[in-house]
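# starting from these lines, generate the structure:
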Amino acid sequence: MKEPVVFTQHLVAKSEPDGNTTPVISVIVPFYNASMTLDRLLRSIQQQTFSKFEVVGIDDGSSDNSSSIFSEFRQRDSRFILLKQHNMGQSLARLAGLKRAQGRLITFADADDFVDERWLSLLYTTMIKHNADISMCAFDNYSPESQRYYSARFSSENVVWNKKSAIHAWLIDEQFKGFLWNKLYKKSLLDGINMQPGFNFMEDVYINGQALKLAEVVVSCREVGYHYVINPQSKMHSSFLIQDANAFYCLTGFIKSVADEQSLTDAGQIRIIKIAMATIERMKKSDVKQNKELIREVFNQVKSLSPVAYNYFKRPTRFFLFWIKSTGKVFLPLKLRRKVVMFRDYLVDRRTD
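Residues are numbered from 1 along each chain as shown. Predicted coordinates:
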């Protein structure tokens, strides 16, 4: 496999030549009852050093004054466009925004986050400099409680990937994280994939995987452009849904297919185990009885792990995987692992403060 190309120089942000009023980048912002945070996001987008953009906001049936907040920006700035729909979920909201978008490049932002003023410049300059199909900037985490910024666990690097190396990075889930919001895509790429997978759990992973199958060049830069806001409630998993089981089968099947196509079997196994762990960790004990087939499939995936894939994981996770393989019990080990991970994250947060 060809190694990814590393570039070291800092980017000099460039804008597209004046004269054409058509937006170059469309920023798609779905929102639902986001009145507490939407103004902060929109102000940060409005202050971009790259000016040739539009913001397509999609109100997904909000019952608060989110639409009014967006409308205020729309009245002052013609680059802001508001769409409304009944509450149909984020996937359909994004799809509605994509259909309305005029830019040849697309990015996304979540209503509770905010962005650096160079966000679009970084994404655009990185893409144009390397003639890429997808570009990516680094992100950090912002805590509203402490009002401090924290480095992301897997920092971005200045790298140019070909198709196979980009897919490998997506499978390993380190330098190429599954989010949509720190990336810029050619619209033609997204027009050719399924943006409505039928589940909400890890849908971004599926969308990115499809996009990478069509992309030839993917590039990332180490400079931070996106600020992900830590929500204390996000550490508490929502209830396990039947769609989560559908997501597991769809994602693992898709990942195996992509990994086999690119001769990346070990990396595919690593990603499948990560998704399996995340799926089980969402479950309560009452969910186990209704999902015996899924539990059995997770056991089979652990049992069939190659030595390379098994040794990729750090020692605590290898212990839990060995426990599952030896005992055949899946639910309890992975729930216990989740508690270990939460305790580790707590210690990391304390050490960072």
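# skip the chain neighbours and tell me the closest residue to Val308.
Nearest non-adjacent residue to Val308, counting by Cβ to Cβ, 6 or more residues apart in numbering: Asp266, 4.4 Å away. For glycine as for every other residue, the C-beta is placed from the backbone atoms N, C-alpha and C.
# ditto for Thr317
Thr317 sits nearest to Arg337 (Cβ to Cβ, 6+ apart), 6.7 Å away.
# what of Gln196?
In space, Gln196 is closest to Ser91, 4.6 Å off (Cβ to Cβ, 6+ apart).
# isn't the one you found right up against Phe201?
No: applying Cβ atoms under 8 Å as the test, Ser91 and Phe201 come out as separate, 11.6 Å apart.
# three-state assignment of the residue nearest to the spatial centre of the chain?
Most central in the chain under Cα atoms, centre = their mean is Phe179, positioned 1.0 Å from the mean C-alpha point. What DSSP: H, G, I helix; E, B strand; the rest coil gives for Phe179 is coil.
# residue contacts, it?
Shown in contact with Phe179 (Cβ atoms under 8 Å, 6 or more residues apart in numbering): Phe139, Asp204.
# if we go to 6 Å?
By Cβ atoms under 6 Å, 6 or more residues apart in numbering, the residues touching Phe179 are Asp204.
# begin at 9 from now on, thanks
Sure, I'll start counting at 9 from here, so that last one is Phe187.
# what sits against the residue nearest to Ala255 when sequence neighbours are not counted?
Computed as Cβ to Cβ, 6+ apart, the closest residue to Ala255 that is not its neighbour in sequence is Phe207, at 3.9 Å. Residues near Phe207 by Cβ under 6 Å, 6+ apart: Gln251, Asn254, Ala255.
# in the helix or strand hosting the first one, what's buried?
Element membership of Gln251, judged by DSSP states H and E, is helix 250-269. Applying a neighbour-count criterion of 16 or more other Cβ atoms under 10 Å, one finds Asp252, Ala253, Ala255, Phe256, Cys258, Leu259, Thr260, Phe262, Ile263, Lys264, Val266, Ala267 buried in helix 250-269.
# excluding chain neighbours, give the residue nearest to the fourth one in space.
Nearest residue to Phe256 in three dimensions, chain neighbours excluded: Thr287, at 4.8 Å (Cβ to Cβ, 6+ apart).
# pull up the gap between the one you found and Lys300, please.
14 Å (Cβ to Cβ, to the nearest Å).
# ok, the two, which is more surrounded?
Between Thr287 and Lys300, counted using other Cβ atoms under 10 Å, Thr287 has the larger neighbour count: 25 against 9.
# sweet, I'm off.
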